[in-house]
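K.L.:
Okay, sequence plus prediction incoming.
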Amino acid sequence: MLFMMIIKASKNSEGANLPDKKLMLAMDEYNDLLDSAGVKVMAKGLQPSSNGLRFSFTTPGEPAIITEGPFENPSTLVAGFFLIDVKSKEEAICWAKKAPDPQGNGEGQIELRQLY
């Protein structure tokens, strides 16, 4: 079963601030743990929304409206993800619980979603 752990953005990540060394080390250790268990398919961080584009399909049959970032409300944006292949939802929940706070300072949020 494939699950995505979606890392929500924060004001800090949207400011293009890299995590401190302690958080980078914790994330490296977590990635190593996922690798050694053979469950990690992929894990990546995203650049801030200031480098992104949003395509809004507002009228059926009409071209999308393109908006350049940055976008408001960082907590609704995605800063990165882990894609894991596990045997059950319960196992996915266990892995998500083991993740360090992805933003540090109590700002992190992970959303767990199963892929079709």
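P.N.:
Nice, I can see it.
K.L.:
Could you use CA atoms for every contact and neighbour count after this?
P.N.:
OK.
K.L.:
Which residue ranges of this structure form strands?
P.N.:
Under the criterion DSSP state E, the chain carries strands at the ranges 2-8, 40-45, 53-56, 65-68, 78-85, 110-114.
K.L.:
Could I get the ones you listed in TSV, plus columns for mean neighbour count and distance to Lys21?
P.N.:
Converted to TSV, the strands of the chain look like this (neighbours: other CA atoms under 10 Å; distance: least, CA to CA, whole Å):
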stretch	mean neighbour count	distance to Lys21
strand 2-8	21	18
strand 40-45	14	16
strand 53-56	12	30
strand 65-68	12	31
strand 78-85	20	18
strand 110-114	16	20
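K.L.:
need the ones you listed in JSON lines with mean pLDDT and distance to Pro19, can you?
P.N.:
Formatted as JSON lines, the strands of the chain follow (pLDDT from 0 to 100; distance: least, CA to CA, whole Å):
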{"stretch": "strand 2-8", "mean pLDDT": "97", "distance to Pro19": "13"}
{"stretch": "strand 40-45", "mean pLDDT": "96", "distance to Pro19": "11"}
{"stretch": "strand 53-56", "mean pLDDT": "97", "distance to Pro19": "24"}
{"stretch": "strand 65-68", "mean pLDDT": "97", "distance to Pro19": "25"}
{"stretch": "strand 78-85", "mean pLDDT": "97", "distance to Pro19": "12"}
{"stretch": "strand 110-114", "mean pLDDT": "98", "distance to Pro19": "16"}
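K.L.:
Mind naming the longest helix for the chain?
P.N.:
Longest helix in the chain, counting residues (DSSP state H): helix 21-37.
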